[in-house]
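# Could you work out the structure for the sequence below:
(4 chains, ligands or ions: 6)
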Amino acid sequence: MKESRRMNNFKTIILSNQEISSGYYRMRILAPEFGQGARPGQFIMFRVQTSLLPLLRRPFGIFQTGFLPADCDGQPPKEYLEILYKVVGGGTTIMSGLHEGDRVEVLGPLGRGFDMGTPGTEKILVGGGIGLVPLYMLARELVKTSKVRLLMGGRRRDDIIAVTEFERLGVETYVSTEDGSLGEEGLITQVLERKLQKYPQADVYACGPMPMLEAVQQICATHKVPLQVSLEALMACGVGACLGCVVKGVGHTEQSPRYLCTCKEGPVFRAEQLDWQKMAQEDGYCEGCKS
Amino acid sequence: MKESRRMNNFKTIILSNQEISSGYYRMRILAPEFGQGARPGQFIMFRVQTSLLPLLRRPFGIFQTGFLPADCDGQPPKEYLEILYKVVGGGTTIMSGLHEGDRVEVLGPLGRGFDMGTPGTEKILVGGGIGLVPLYMLARELVKTSKVRLLMGGRRRDDIIAVTEFERLGVETYVSTEDGSLGEEGLITQVLERKLQKYPQADVYACGPMPMLEAVQQICATHKVPLQVSLEALMACGVGACLGCVVKGVGHTEQSPRYLCTCKEGPVFRAEQLDWQKMAQEDGYCEGCKS
Amino acid sequence: MTGCAMKTEKNAKRPNLAVEIAGIKLKNPVMPASGTFGYGEEYAPYIDLEQLGAIVTKGLSLNPKAGNPTPRIAETVSGMLNAIGLQNVGVDDFIKYKLPFLREVNTPVIVNFFGNTLEDYGEAAKRLADIPEVAGLELNISCPNVKQGGIVFGTDPKAASEVVNLVRKNSKKPLIVKLTPNVTDITVVARAVEEAGADAICCINTLTGMAVDVKTRKPRLANTTGGLSGPAVRPVAVRMVHQVVQAVKVPVIGVGGIVCAMDALEFLIVGATAVQVGTANFVDPRAMLNVVEGIEAFCIEEGISDIRELIGSIKL
Amino acid sequence: MTGCAMKTEKNAKRPNLAVEIAGIKLKNPVMPASGTFGYGEEYAPYIDLEQLGAIVTKGLSLNPKAGNPTPRIAETVSGMLNAIGLQNVGVDDFIKYKLPFLREVNTPVIVNFFGNTLEDYGEAAKRLADIPEVAGLELNISCPNVKQGGIVFGTDPKAASEVVNLVRKNSKKPLIVKLTPNVTDITVVARAVEEAGADAICCINTLTGMAVDVKTRKPRLANTTGGLSGPAVRPVAVRMVHQVVQAVKVPVIGVGGIVCAMDALEFLIVGATAVQVGTANFVDPRAMLNVVEGIEAFCIEEGISDIRELIGSIKL
Ligand SMILES: Cc1cc2nc3c(=O)[nH]c(=O)nc-3n(C[C@H](O)[C@H](O)[C@H](O)COP(=O)(O)OP(=O)(O)OC[C@H]3O[C@@H](n4cnc5c(N)ncnc54)[C@H](O)[C@@H]3O)c2cc1C
Ligand SMILES: Cc1cc2nc3c(=O)[nH]c(=O)nc-3n(C[C@H](O)[C@H](O)[C@H](O)COP(=O)(O)OP(=O)(O)OC[C@H]3O[C@@H](n4cnc5c(N)ncnc54)[C@H](O)[C@@H]3O)c2cc1C
Ligand SMILES: Cc1cc2nc3c(=O)[nH]c(=O)nc-3n(C[C@H](O)[C@H](O)[C@H](O)COP(=O)(O)O)c2cc1C
Ligand SMILES: Cc1cc2nc3c(=O)[nH]c(=O)nc-3n(C[C@H](O)[C@H](O)[C@H](O)COP(=O)(O)O)c2cc1C
Ligand code: FES
Ligand code: FES
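Ligands and ions are numbered 1, 2, ... in the order given. Now for the predicted structure:
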């Protein structure tokens, strides 16, 4: 209850909104007292406009929170929250046109974040494209106690974003692209396979397109290492009320349904919570993650 | 056909958009080659946003057209069109927030404008609040051949707009407000009554709220002077296709309907074209003019 | 929202967009919805009427009709209500005064018509039967039957079937029947009119709606209720077209809330052979041409050489 | 669009907003629509549940229900489609696990429930009959009757009346019957359920709709069709509430597309005694509180001291 009371819906303004790679934007939003409640892996529901188009809010992972120096002496520093987003449809197109000072609404932080795992063990983060987002706050925490490696994959070089920020944290990064335009040519999962051979005790954390997550899950299952994944799903409410965002949990049957809400029981799940086979039969959970 | 071919639908940008009196705005829109086709009393259908909210275009009288000096030497001067609008609802509220450079769409010039009347006879223009708009271009034409007087009425001083621009044309202006905060206290129709006693041969042109138009019509009928009125109506298409904007013409009956489209056969009508009694029984034609 | 912007690549092979409805050959599957395009002339200054698949007229009745008092229209969220009340010049004046303009346009003319009694429907059909410029008839059955307590023909399969039967008897023109969405099961009416001789079905007409002016406490339409149209209704229209396509064999024309090519494609994919654009004409006179261009661009992008490959290609 | 912003003047005399529905006393006429507010707890971190007129639960069935495969939701223009498939924990688990939370909230709890057979409806009603924390029942009859070829109870006045009869027999709780808008004449069903013992009527449930993903050519919902809700449907909802109010004597709860106070006022003016807010909760968790505050501000502005002066004040 105490934690949930900290969740909030607030009206605020944009501090900056910049294109950081072709089609990828970074938006900084004024968010007083947001950081202390936000944990790695959580997300926000962002209201794109105060008009009714688009009607529903859009979910975005929290990339990071931080402080800006205050405008005047004596005032407290300004707290902000940052999201990174890819322009894929109507809502994100409108977002890409927003400016400093534009008024927006944020609901969050929402959902369950990552479990930090055992301090000291190797940590391998696997990010696919925009799926990198929730891994940054995670890395910031993990580097305090463990050796952290980021394996970052994408279609082409444009999809490889924010890697230098991880490096600045002291994270060792490995990049692969399908067209070979940056880093190793091929899928990032082949890098994971190699790394797990080398570090068989690692904790793995992954976020990215569904086919990538499925492959990661199989590799981790084979290597018997713990895996946490952050999922995407179509969402209306973001708080567990509409049941639009469910995924099938392990043991799910029609008679005794074990649906899990991605928004509330996720978006981060331990791999063994999920019924990977049944998930693969459905379209919904990864509608947006296909690209 | 030739004239109608000149009508057009064009995408353009806003040159400026300023509050000129509390709640009243003047918007200048880039409009190449617009002026040569536009006649006093015509209007445009303005698309407020390229999104679907609001869905329908909004009708606005053409206040004036003109030319700005070109940005560079050797280029032709920039032609613009100007509208004056009052913020009354959702669409005009959005409009009031638009800026220089914002993209908009204009359909027009539309409808029938004013007939210029007999050159040389006295011309009396009666404007109520924002109803003043179509009278300015009219005055610009009329002053070329006739003595022109403007009688301008409003609730309070804020409603009296653009009067100095008429004066600059050499138009004699008379102002009244209901609360006496500017000019004479009372209704502008009492001024009209006096003027017609003095100039019994005048041509009268009026635009404003429906109760004002009704009073003007009665005064003009009593004085047997020709009257042209510019009407407002709820409009969807602006081109005579939807039949949303009709008013009852003289001789209208259920069996042989004589509906006139405000958008196509108007917005300017000779008073004797209209069935004033039947119009008064309906709400629609002056929904927006009540205030 | 975006998703509407599509551009044709230069030099790409142009796909075949021609379709046939009830024997009427259309150069493309896009036409106006009745009542939103006047008698055609009104939009002639803005768009080239010959780029349309067909022209559909304002609904005509046997005798001229005055329509409803004003206000007749009201904007709602992403939609509009109208209660024009089917004001029109009547069949005879249409033929005399409006048709000559259309004769000069190289695009098939579909005449939408209605009645308030069975007899009126029959008589109107008769008078249009021998007019060569009329490529086809679109029968609007969303009207109350004044002789039968005002029940709407199109909500009762029996009444609907009677009207269609009579019109079929009185005219050999290709016959499109336009259905009302204000019914429990549209497939029942669709099957009834197919059986009675409809060559094609058009759906949907407007959903009955109402809006209130909170300040004056009056309905925003003089007629109290009116027909809802525009993007707001599209999901209902797509659903009904989908249902009707599965229920009948004749071709179906989809209408309701189409603004851009993506919207039109939804209807084609669920199985509509052609589409009509209504309210969007008011928003943008070029809407229909944008739809045609967008469909073409989509076909090129997806490697579709004939639009008929697209029609009914829904994967269920 | 604006029109939604209203502010309460300080020091103005507060109007009485209390209403009564089927014997349930509400401090104001605003409550959530079933299925959009979970079991209440979900929104407790965001708004004070005690400021609501009532809490309406997610629809419950006798046994837990898995619901539909995903995707279950799709945004449309100013609306959304959902095919959640009525996933719920079942009546028993609701009583055991969800009700204890609600017991602590000083706001009447209305339990929405449904069945796919007459018997299920009856049994669910029985199990809820003696639970003191349940202030009233809301009977959702927009469900297919699996024993009768899947015809939706609420589209058939006879089937509707049978369900209501049985539930009435099995429970003395105040009984609200929630109608589907997917019918030709909603007044027929309204009168049938009134006669069968409904204490109040709630309308509308969602309009059946469909949307297609043009790129994949698949329906955007796994279930193919779903229920349309949100601002897009408001004109249809207002019309139906208007019709039902004229047709029955019991109080009516209006629902469909309400986002702000102005929207809610449309329903109250046509005669709804209370309103429900659904989709708008997703858009803004404070939507219902804004509606309450806006109604209060409107009453003050218009010099209305009791909301009941407003209800049914439409000028026709
Ligand atoms: C928990 C979570 C975290 C996310 N974090 C990020 C992030 O950090 N950066 C980022 O760029 N994207 C993120 N996404 C995906 C992002 O929400 C979608 O890309 C965005 O909603 C698309 O909106 P649109 O209007 O541009 O697309 P459209 O396709 O026009 O949207 C139509 C509808 O589909 C939904 N939708 C489309 N794609 C997705 C998707 N992938 N996931 C969920 N809903 C979708 C939209 O919310 C909307 O309701 C996240 C999604 C979830 C569930
Ligand atoms: C021929 C013509 C010329 C006009 N010229 C001007 C002008 O020069 N300056 C100006 O300020 N206003 C003018 N108006 C009125 C102007 O169109 C409305 O004030 C405006 O449409 C209101 O839009 P809204 O969205 O702010 O109001 P809302 O009330 O939110 O609009 C809701 C609907 O009502 C319609 N509407 C509301 N008021 C009117 C009205 N008075 N006339 C027609 N439709 C209305 C809107 O178009 C819209 O469809 C003119 C109207 C007509 C018909
Ligand atoms: C102003 C207006 C007038 C209409 N008149 C008619 C008509 O005369 N006959 C008819 O069959 N449908 C009429 N319709 C319904 C349209 O043809 C169409 O079925 C409906 O508007 C849905 O399409 P849309 O959402 O694209 O507008 C009218 C619609 C509007 C908005
Ligand atoms: C996600 C979702 C789930 C719903 N579940 C139910 C339900 O379980 N029982 C029910 O009677 N209505 C259900 N409804 C319908 C709503 O209660 C309401 O009637 C409808 O959404 C229209 O209101 P709105 O436009 O305010 O959303 C649901 C609606 C939505 C959007
Ligand atoms: S998004 Fe509504 S329950 Fe998860
Ligand atoms: S606005 Fe459509 S006919 Fe005049």
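# going forward, measure contacts and count neighbours with C-alpha atoms only.
Fine.
# now the residue in the stretch 151-291 of chain A that chain B sits nearest to: how far from B:Met137?
Evaluated by Cα to the nearest Cα, the stretch 151-291 of chain A has A:Ala236 as its residue closest to chain B, separated by 20.8 Å. Relative to B:Met137, A:Ala236 is positioned 52 Å away (Cα to Cα, to the nearest Å).
# between these two, who's got more neighbours?
Taking other Cα atoms under 10 Å in any protein chain shown, A:Ala236 and B:Met137 do not tie; A:Ala236 has more neighbours (29 against 20).
# Now do the phi/psi pair for the more buried one.
Main-chain torsions, A:Ala236, degrees, to the nearest 10: phi -110, psi -50.
# List the residues that contact the residue of the stretch 151-291 of chain A closest to chain B.
A:Leu56, A:Arg57, A:Cys242, A:Gly244, A:Cys245, D:Ile73, D:Phe282, D:Val283 (Cα atoms under 8 Å, 6 or more residues apart in numbering or on different chains).
# Name the helix or strand for the first one, please.
Secondary structure assigned from DSSP states H and E places A:Leu56 in neither a helix nor a strand.
# can you count the residues close to residue 172?
In the absence of a named chain, this looks at chain A. 15.
# ah, no, chain C please
Here the number of neighbours of C:Lys172 (other Cα under 10 Å) works out to 15.
# and the residue of the stretch 151-291 of chain A closest to chain B, what pLDDT?
Turning to A:Ala236, the model gives it a pLDDT of 97.
# I'd like the contacts of A:Ala236 as CSV, with secondary structure, pLDDT and neighbour count appended.
Output for those, formatted as CSV (DSSP: H, G, I helix; E, B strand; the rest coil; pLDDT from 0 to 100; neighbours: other Cα atoms under 10 Å in any protein chain shown):
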residue, secondary structure, pLDDT, neighbour count
A:Leu56, coil, 96, 29
A:Arg57, coil, 97, 24
A:Cys242, coil, 96, 27
A:Gly244, coil, 96, 30
A:Cys245, coil, 96, 29
D:Ile73, strand, 97, 26
D:Phe282, helix, 97, 22
D:Val283, helix, 96, 24
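# hmm, which two among the residues you listed are most spread apart?
Using Cα to Cα, the two most remote members of these are A:Cys245 and D:Val283, lying 15.6 Å apart.
# Could you pull up the residues touching residue 147?
Looking at chain A here, since you left the chain open. Counting by Cα under 8 Å, 6+ apart, A:Lys147 has contacts A:Gly120, A:Thr121, A:Glu122, A:Lys123, A:Val171.
# right idea, wrong chain: chain C
For C:Lys147, the contacting residues are C:Asn116, C:Thr117, by Cα under 8 Å, 6+ apart.
# Show me where the stretch 101-250 of chain C has its strands.
Assigned by DSSP state E, counting those that start in this stretch, the stretch 101-250 of chain C shows strands spanning C:109-113, C:134-140, C:144-145, C:151-152, C:175-178, C:200-203, C:207-210, C:212-213, C:218-219, C:225-229.
# For the fifth one, name the packing helices and strands.
Here strand C:175-178 is seen to pack against strand C:134-140, strand C:200-203 when contacts are counted using 3 or more Cα pairs under 8 Å, 6 or more residues apart in numbering or on different chains; DSSP states H and E.
# Which residues does that strand contact?
With Cα under 8 Å, 6+ apart, strand C:175-178 has contacts from C:22, C:136-142, C:164, C:168, C:193, C:198-205.
# Show me which of the contacts of A:Lys147 is closest to chain B.
Out of those, the member with the shortest distance to chain B (by Cα to the nearest Cα) is A:Val171, at 43.7 Å.
# Find me the pLDDT at that closest one, would you?
At A:Val171, pLDDT is 95.
# ok, it to ligand 3 distance?
Per Cα to the nearest ligand atom, to the nearest Å, A:Val171 is found 55 Å from ligand 3.
# related to what we said a few turns ago, could you dump the strands of the stretch 101-250 of chain C into JSON lines with mean pLDDT and mean neighbour count added?
Formatted as JSON lines, the strands of the stretch 101-250 of chain C follow (pLDDT from 0 to 100; neighbours: other Cα atoms under 10 Å in any protein chain shown):
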{"stretch": "strand C:109-113", "mean pLDDT": "98", "mean neighbour count": "25"}
{"stretch": "strand C:134-140", "mean pLDDT": "97", "mean neighbour count": "24"}
{"stretch": "strand C:144-145", "mean pLDDT": "86", "mean neighbour count": "18"}
{"stretch": "strand C:151-152", "mean pLDDT": "90", "mean neighbour count": "18"}
{"stretch": "strand C:175-178", "mean pLDDT": "98", "mean neighbour count": "27"}
{"stretch": "strand C:200-203", "mean pLDDT": "98", "mean neighbour count": "26"}
{"stretch": "strand C:207-210", "mean pLDDT": "98", "mean neighbour count": "24"}
{"stretch": "strand C:212-213", "mean pLDDT": "98", "mean neighbour count": "20"}
{"stretch": "strand C:218-219", "mean pLDDT": "97", "mean neighbour count": "20"}
{"stretch": "strand C:225-229", "mean pLDDT": "97", "mean neighbour count": "26"}
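# so is A:Gly131 in a helix, a strand, or just coil?
helix (DSSP: H, G, I helix; E, B strand; the rest coil).
# Contact partners for it?
A:Cys207, A:Gly208, A:Pro209.
# Repeat that for C:Val167.
The contact partners of C:Val167, by Cα under 8 Å, 6+ apart, come to C:Tyr121, C:Gly122, C:Ala125, C:Lys126.
# And C:Pro251, by the same measure?
Counted by Cα under 8 Å, 6+ apart, C:Pro251 has contacts C:Ile21, C:Ala22, C:Asp199, C:Ala200, C:Ile201, C:Val245, C:Ala272, C:Thr273.
# could you point out the longest helix in chain A?
As assigned by DSSP state H, the longest helix anywhere in chain A is helix A:210-223.
# what residues are up against the closest residue to ligand 4 within the stretch 151-291 of chain A?
Closest approach between the stretch 151-291 of chain A and ligand 4, counting by Cα to the nearest ligand atom: A:Cys242, at 4.7 Å. A:Cys242 makes contacts with A:Ala236, D:Gly35, D:Thr36, D:Phe37, D:Gly38, D:Ile84, as judged by Cα under 8 Å, 6+ apart.
# Tell me which of these fall in helices.
Going by DSSP H, the helices hold none of these.
# Quick check, pLDDT for whichever residue of chain A sits closest to chain C.
In chain A, the residue that lies nearest chain C is A:Gly90 (4.7 Å; Cα to the nearest Cα). pLDDT, A:Gly90: 92.
# who touches A:Arg19 in this structure?
Small correction: residue A:19 is Glu, not Arg. A:Tyr25, A:Arg26, A:Ser96.
# hang on, it in a helix?
No - the assignment for A:Glu19 by three-state DSSP gives strand, which leaves it out of any helix.
# That one bridge partners, please.
Counting by DSSP bridges, A:Glu19 is bridged to A:Tyr25.
# For it, give its distance to C:Pro29.
Taking Cα to Cα as the measure, A:Glu19 falls 40 Å from C:Pro29.
# any bit of stretch A:215-229 sitting next to ligand 1?
No - Stretch A:215-229 is not in contact with ligand 1 by Cα under 6 Å from any ligand atom; minimum separation 11.2 Å.
# Look up the pLDDT of the most centrally placed residue in chain C for me, please.
What sits nearest the mean C-alpha location of chain C, by Cα atoms, centre = their mean, is C:Ala33, with 3.8 Å. With respect to pLDDT, C:Ala33 scores 98.
# In terms of pLDDT, where does the residue of the stretch 101-250 of chain C found nearest ligand 4 sit?
Nearest residue of the stretch 101-250 of chain C to ligand 4 (Cα to the nearest ligand atom) works out as C:Ala232 at 12.1 Å. We have a pLDDT of 98 for C:Ala232.
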